[in-house]
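**Q** What shape does this take:
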Amino acid sequence: MNQRIRAKTVRLIRSDGEQAGIVPLEEALETAKKESLDLVEVAPNADPPVCRIMDYGKFKYQASKKTQETKKKGRTIQLKEIRMRPRTEEHDLGFKLKNIQKFLEKRDRVKVTVLFRGREMAYMDQGIALLKRVAEEVEEFGTVEQAPTREGWRLTMVLVPK
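**A** Numbers count the residues shown, from 1 in each chain. Predicted coordinates for the structure are as follows:
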């Protein structure tokens, strides 16, 4: 650790958190060696630099544990997509509604897409009615974040969990 601290004098903080004042680097290193701990530069840009006597390995371990804990608590929300056609049959629609419900219960966002091909473009109102029906069916599990919007050959709507 000696190689990284270049200043001749440092502001020393002891292992118990008490300030020892401004001391020469050699004295700070000897104090750390007596306590069988490491001298770690905490604020290198200060004048003089601030160094703390601590167990560096333990410090790194605790920092990694803290980052693991925050990763465990934070969950990434996924965007699932369900695709259907304007003339999707009742039975198939039931399955798709069950999947949407399952995704919303898992706290995922769901993008419902109605695809149109060829002459089906003339039945855009059927697609809007289908998306409204889907929104009504899953109303108790989620709400509409983005109302049905037309994007070329498709109508899309985004649902979020309640």
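
**Q** so where's the longest strand in this protein?
**A** For the chain, the longest strand by residue count, based on DSSP state E, is strand 142-151.

**Q** Quick check: buried residues in it?
**A** 142, 144, 148 (16 or more other CB atoms under 10 Å). (Glycine included, C-beta is placed from N, CA and C.)

**Q** Wait, the first one touches residue 110, no?
**A** Yes. Contact status for residue 142 versus residue 110: in contact at 7.1 Å, counting by CB atoms under 8 Å.

**Q** Give the residues shared as contacts by the two.
**A** Any residue near both residue 142 and residue 110 by CB atoms under 8 Å, 6 or more residues apart in numbering counts here, and that gives 100, 104, 159.

**Q** Columns neighbour count on top of these, output as a markdown table?
**A** Below are the shared contacts of residue 142 and residue 110 laid out as a markdown table (neighbours: other CB atoms under 10 Å):
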| residue | neighbour count |
| --- | --- |
| 100 | 22 |
| 104 | 21 |
| 159 | 26 |
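
**Q** Between those residues, which sits nearest residue 25?
**A** Distance to residue 25, by CB to CB, is smallest for residue 104 among these, at 60.5 Å.
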